[in-house]
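**Student:** fold the following and give me the result.
(chains A, B, C and D)
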Protein chains: 2
Amino acid sequence: MTSVHSLRRTLSSDLAQAVVALVESEGLRTGDPLESVKALAARFDVAVPTMREALRRLEGLGMVDFRHGSGIYVGPNAGRRVLANPLQSRPDADQLVELLEARRQIEPSLAMLAAEVRDPAGIALMDETLAQAQAQIASGDDRLWLTNLDFHRAVAAAGGNSVLVEVLDSIVLIHAEDQREILRLHGDADDDHAEHAHLADCVRRGEPEAARDAAYSHLDHVVEVIRARRR
Amino acid sequence: MTSVHSLRRTLSSDLAQAVVALVESEGLRTGDPLESVKALAARFDVAVPTMREALRRLEGLGMVDFRHGSGIYVGPNAGRRVLANPLQSRPDADQLVELLEARRQIEPSLAMLAAEVRDPAGIALMDETLAQAQAQIASGDDRLWLTNLDFHRAVAAAGGNSVLVEVLDSIVLIHAEDQREILRLHGDADDDHAEHAHLADCVRRGEPEAARDAAYSHLDHVVEVIRARRR
DNA sequence: AGTCATAAAGTCATCTAATCACTTGAGGAC
DNA sequence: GTCCTCAAGTGATTAGATGACTTTATGACT
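**Tutor:** Sure thing, here's the model as predicted:
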């Protein structure tokens, strides 16, 4: 059952690994420029098209960005271990339910950890996103759904475990575009916000069980809304 | 906080997406052959190197495999939404602890779901990996650590939620190579196996709370073993 | 009939070279 | 100082070539 596929080494796979090692050894971060394709090809003594193929591998993973006319930059996924597949198609109705059920299973344990650890940066992010959501509800801002995603990320961040942050972020990203529709179907942004606020309170107060239950009932509610739509 | 990076469309990114759509529309699965690079280039009316760049993006994600002299095949990650970054370096000691703590937080909820759902395929896999592990312990087989990974995957599978299976698999893959060392440090394969067997019993019997606690104490034990090594 | 060896065709892997589109920085004019 | 223009550098895509690998077809032998 252990995954078995092509293990043949190619220059492009070795080069991709070498670029990752270079990014790490030079302490580069998202947004930092790398050498140009031509310079990298020279550094590793390969042809430009071969270097480009290697860099496209990295680009597919979000580890580098090509900027036309400007150069190659370290991408948003540099240093990240768990990823959302950027090329997977939008979930259908069944898959969306499954996704939300997965969240309903996982997020309570993340909320619990958040209430135990109460990482200050995560707490600050929770507060920030709650305030922003409040303002967006008041002004009818269309971007509320994005802010709600950020709230969930912030809860994960309050647990102080970067792997869990990546996991939650990956799950959320898979159906990011659907969140807008979910919010619309929910039909009550104030109610949704109140559930978020209650969860945040439990986390802030350091009540793991309450936080777990708040996260569960919030996600359970969302699952029910989406289930209802499927009938 | 929402990720912002290059949104400029290129042929290679459009082509990558088009190949994914082609794989889906033709119902292709891991291991199935695609058309040759040359034929794909002709199909999409682009030059071969451009097609190759697009396919390298997909290769980076594990969605296609290039086989020298043979052709392009659908890769192991086709259809998969949550991935482990194949190019991330091995975790250092701190990161390994963080990873295991993440598992300690998540796997109890997966075990709980497994005990609630008891998906037959997942249960069968659990039984199979336990029996295999038993045989490997008896014969001193070096591959025990691989089988133990499969056991954890099987528990996730028993929950019947494919997103959670991918999540668990991704987390496990991040530190796959370290599992060998973890098992060595644990020093007691029989004890480890007994913990697995106990967890499997709870799942089989449909006891969610017991399964959750079994998973937690098992992972907690592993975390302690690794922490001890760090001192 | 089946098996084995060889050659040809097809395919990937890497390279060289060219042209076009975009960005950045330097220099000059005001 | 600011603004504009141009040149240099950079990515994007194409065309073409050679070498390494795999698969298939054909012929010879048993």
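
**Student:** for chain A, what spans make up the helices?
**Tutor:** A:11-25, A:37-43, A:48-60, A:93-117, A:120-139, A:144-158, A:162-174, A:176-186, A:189-204, A:208-230 (DSSP state H).

**Student:** and the ones you listed, which one is worst for confidence?
**Tutor:** Lowest mean pLDDT within those: helix A:176-186, at a mean of 84.

**Student:** residues in contact with stretch A:154-168: which ones?
**Tutor:** A:80-83, A:106-107, A:110-111, A:113-114, A:116-119, A:121-123, A:125-126, A:128-129, A:152-153, A:169, A:199-200, A:203, A:215, B:82, B:98-99, B:101-102, B:105-106, B:167, B:170-171, B:174 (C-beta atoms under 8 Å, 6 or more residues apart in numbering or on different chains). Glycine gets a C-beta too; all of them are placed from N, C-alpha and C.

**Student:** ignore the last one, stretch A:62-71
**Tutor:** A:19-20, A:23, A:33-36, A:55, A:58-59, A:72-78, A:80, A:83, A:86, B:5-6, B:8, B:10, B:85, B:87.

**Student:** cool, stretch A:133-150 as well?
**Tutor:** Taking C-beta under 8 Å, 6+ apart as the rule, stretch A:133-150 contacts A:125, A:129, A:132, A:151, A:172, A:176, A:179-180, A:182-183, A:189-190, A:192-193, A:196, B:1-2.

**Student:** what is the burial count for A:Ala197?
**Tutor:** 15 (other C-beta atoms under 10 Å in any protein chain shown).

**Student:** cool, and the one 5 residues further on?
**Tutor:** The local packing of A:Cys202 (other C-beta under 10 Å) involves 21 other residues.

**Student:** need the helices of chain A in JSON lines with distance to DNA strand C, can you?
**Tutor:** Below are these laid out as JSON lines (distance: least, C-beta to the nearest atom of the strand, whole Å):
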{"stretch": "helix A:11-25", "distance to DNA strand C": "3"}
{"stretch": "helix A:37-43", "distance to DNA strand C": "8"}
{"stretch": "helix A:48-60", "distance to DNA strand C": "3"}
{"stretch": "helix A:93-117", "distance to DNA strand C": "30"}
{"stretch": "helix A:120-139", "distance to DNA strand C": "30"}
{"stretch": "helix A:144-158", "distance to DNA strand C": "25"}
{"stretch": "helix A:162-174", "distance to DNA strand C": "26"}
{"stretch": "helix A:176-186", "distance to DNA strand C": "26"}
{"stretch": "helix A:189-204", "distance to DNA strand C": "37"}
{"stretch": "helix A:208-230", "distance to DNA strand C": "40"}
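
**Student:** OK, contacts around the most centrally placed residue in chain A?
**Tutor:** Centroid-nearest residue in chain A: A:Asp169, 2.4 Å away (criterion: C-alpha atoms, centre = their mean). By C-beta under 8 Å, 6+ apart, the contact set of A:Asp169 is A:Ala84, A:Arg153, A:Ala156.

**Student:** would you write a ChimeraX line that selects the buried entries of the residues you listed?
**Tutor:** The buried residues among the contacts of A:Asp169 can be selected in ChimeraX (16 or more other C-beta atoms under 10 Å in any protein chain shown) with this line:
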select /A:84,153,156
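
**Student:** reformat the contacts of A:Asp169 as JSON lines; add distance to DNA strand D.
**Tutor:** Formatted as JSON lines, the contacts of A:Asp169 follow (distance: C-beta to the nearest atom of the strand, whole Å):
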{"residue": "A:Ala84", "distance to DNA strand D": "22"}
{"residue": "A:Arg153", "distance to DNA strand D": "29"}
{"residue": "A:Ala156", "distance to DNA strand D": "33"}
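
**Student:** which phi and psi does the residue located most distally from the centre of chain A have?
**Tutor:** No residue in chain A sits farther from the centre than A:Asp45, which is 35.8 Å out by C-alpha atoms, centre = their mean. Backbone torsions of A:Asp45, given as degrees, to the nearest 10, read phi 60, psi 50.

**Student:** start and end of stretch A:75-92, how far apart?
**Tutor:** End-to-end distance for stretch A:75-92, by C-alpha to C-alpha, to the nearest Å: 29 Å.

**Student:** list the buried residues of that stretch.
**Tutor:** Buried-residue list, stretch A:75-92, by 16+ other C-beta under 10 Å: A:75-88, A:91.

**Student:** can you narrow those residues to ones near chain B?
**Tutor:** When contact is defined as C-beta under 8 Å from any C-beta of the partner chain, the buried residues of stretch A:75-92 meet chain B at A:75-77, A:79-88.

**Student:** just these now: which is nearest B:Val223?
**Tutor:** A:Arg81 (17.7 Å; C-beta to C-beta).

**Student:** stretch A:16-24 near chain B at all?
**Tutor:** Yes: applying C-beta under 8 Å from any C-beta, one finds that stretch A:16-24 is in contact with chain B at A:Ala16, A:Gln17, A:Val20, A:Ala21, A:Glu24.

**Student:** just the closest of the residues you listed to DNA strand D, please.
**Tutor:** A:Ala16 (15.3 Å; C-beta to the nearest atom of the strand).

**Student:** and that closest one, how many neighbours does it have?
**Tutor:** A:Ala16 has 28 neighbours, counted by other C-beta under 10 Å.

**Student:** which residue ranges make up each domain of chain A?
**Tutor:** Following automatic domain parsing, one finds the domains of chain A at A:11-74, A:93-230.

**Student:** re earlier: do you know how far the residue nearest to the centre of chain A is from A:Arg118?
**Tutor:** 20 Å (C-beta to C-beta, to the nearest Å).
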